[in-house]
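>>> the following comprises the amino acid sequence and a computationally predicted model.
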Amino acid sequence: MTTLRTELIHRSNAYTPNTAGFEAIAGIGWHQPTQPDCRLSAARTVSVVIPAHQVGHSLSAVLDALAGQHHPHPIEVIVVDDASTDDTTTIAAAHPVVTRAVRLPRRHGAGTARTLGTHLATGETVLFLDGDIVLPPHVVTDVAARATDTAVLVGFRHNLPYSTHQDGRHLPGESPALAADHRVTWRPPVGVTLPYSGLILAESLDGRPLDHTRDLLDLGHGARYHDWDLPRMVVTAVLAVPRVAVLDVGGFEPSFDRLGWGMEDTYLGACLIAAGLLVIPLRQAVGYHLDPPDAAAQWHRKLAAWPATLAHYRALLDQPAPRGRTDQVRHTMTTLLDTCEDLR
């Protein structure tokens, strides 16, 4: 039996021909913000999929930012309300930028919400966007111009405490900072077991995962940068993927949602890498992450579940990589959709 872990060891992340080819055709750098008149702006249709649970503090700002995108072509925006009890439902139903909004009758988890959104999407590329991430106006065009059937495009986030943004208002005037993402600037604790790899660092480290791996090129073939590897770089806060590929690997594994927070995006990344996709960062695709009022309590609850989801991820690495699951996903999601409230 060939396992997912074994397949990852045999996969390179040599994406330089992809980025060089784009630069030659588009006439701009891979990491440059893309102007609406870029000749490749219509290269791919884009569906933005937003899983939304208790994001009333941020969803209006997130949707306003999508309405303000400079993209010259239609953008499909799908919001899947994961049984929220705040005003998430009302915002999703009323905002004019939303193409489709549905509400799950009970909490299923972000992974299932994203899979349902992917099932509903019609775009060639799905841009997964958390319901608390505010994007600069060029990002959808950045994605549409660069996306392909074989690329996973990774964006980044700059966290803003609730006291700073106040329900999505009063955002800083400058652009969000790439260095604010923990995949870019990383200073791990010393003498403590790192949760992902189990390493214990003997001295302080000024970690620069993105820089020191040459923008993830060196993370192919199962390589690590201390506590980081290529699947762990796949974070769905801002992530663009080919819709067909996501459906083929089964979408987001729902068992993670039942266990708690974390690792469902890492597992999806591992499955897509095993299927031959390349993981390519977009340094210019940085959004503001808007903390909720109770951010500390939420992180405490999430991190309490992480050991269980991490153990489950490791167990799944020793199983065969999922493939050919499109029909299964469609059947499951069609059945789930029948239970949903159609908001828009």
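That came in fine, so what should we check first?
>>> can you tell me the helix or strand for residue 137?
Using DSSP states H and E, residue 137 falls within no helix or strand.
>>> burial count for it?
15 (other Cβ atoms under 10 Å). To be clear about C-beta, it is placed using only N, CA and C from the backbone, and glycine gets the same treatment.
>>> over to residue 254?
Quick note: residue 254 (other Cβ under 10 Å) scores 16 neighbours.
>>> list the residues that contact it.
108-109, 111-112, 115 (Cβ atoms under 8 Å, 6 or more residues apart in numbering).
>>> next one: the longest strand seen in the chain to chain centre, how far?
Longest strand of the chain, by residue count under DSSP state E: strand 278-290. Computed by Cα atoms, centre = their mean, to the nearest Å, the chain-centroid distance of strand 278-290 equals 9 Å.
>>> likewise for stretch 271-280?
14 Å.
>>> mind listing what's buried along it?
271-275, 277-280 (16 or more other Cβ atoms under 10 Å).
>>> pretty sure residue 203 is touching residue 189, no?
No. Assessed by Cβ atoms under 8 Å, residue 203 is found out of contact with residue 189, at 11.3 Å.
>>> which positions within stretch 205-216 qualify as buried?
In stretch 205-216, counting by 16+ other Cβ under 10 Å, buried: 207, 209-210, 213, 215-216.
>>> which one is residue 154 nearest to, not counting chain neighbours?
residue 281 (4.8 Å; Cβ to Cβ, 6 or more residues apart in numbering).
>>> same check on residue 268?
Using Cβ to Cβ, 6+ apart, the closest residue to residue 268 is residue 252 (5.7 Å).
>>> which phi and psi does that neighbour have?
Dihedral angles of residue 252 (phi, psi; degrees, to the nearest 10) stand at phi -90, psi 130.
>>> same deal with the one 5 residues further on?
Backbone torsions of residue 257, given as degrees, to the nearest 10, read phi -60, psi -30.
>>> for the remainder of this discussion, apply numbering that starts at 23.
In the new numbering, first residue 23, that becomes residue 279.
>>> roughly how far does it sit from residue 206?
According to Cβ to Cβ, to the nearest Å, residue 279 and residue 206 sit 28 Å apart.
>>> flag the shaky bits of the stretch 223-366 of the chain, pLDDT-wise.
Nowhere does the stretch 223-366 of the chain drop to pLDDT under 70.
>>> spatially central residue in the protein, please.
residue 258 (1.5 Å; Cα atoms, centre = their mean).
>>> and residue 124, how far from residue 363?
Counting by Cβ to Cβ - residue 124 and residue 363 are separated by 7 Å.
>>> same question but for residue 140, I mixed them up
19 Å.
>>> these two - which one has more neighbours?
Between residue 140 and residue 363, residue 140 has the larger neighbour count (other Cβ under 10 Å), namely 24 against 13.
>>> about what we covered before: what's near enough to touch the residue nearest to residue 176?
175-178, 232, 237-238, 255.
>>> next, the residue nearest to residue 190 when sequence neighbours are not counted: secondary structure please.
Distances taken as Cβ to Cβ, 6+ apart put residue 83 closest to residue 190, at 2.8 Å, once the chain neighbours are dropped. At residue 83 the chain is in helix, as set by DSSP: H, G, I helix; E, B strand; the rest coil.
>>> hmm, residue 83 is touching residue 312, no?
Yes. Look at residue 83 against residue 312 with Cβ under 8 Å: they come within range, at 6.6 Å.
>>> identify the contacts common to those two.
In contact with both residue 83 and residue 312: 156, 187, 190, using Cβ under 8 Å, 6+ apart.
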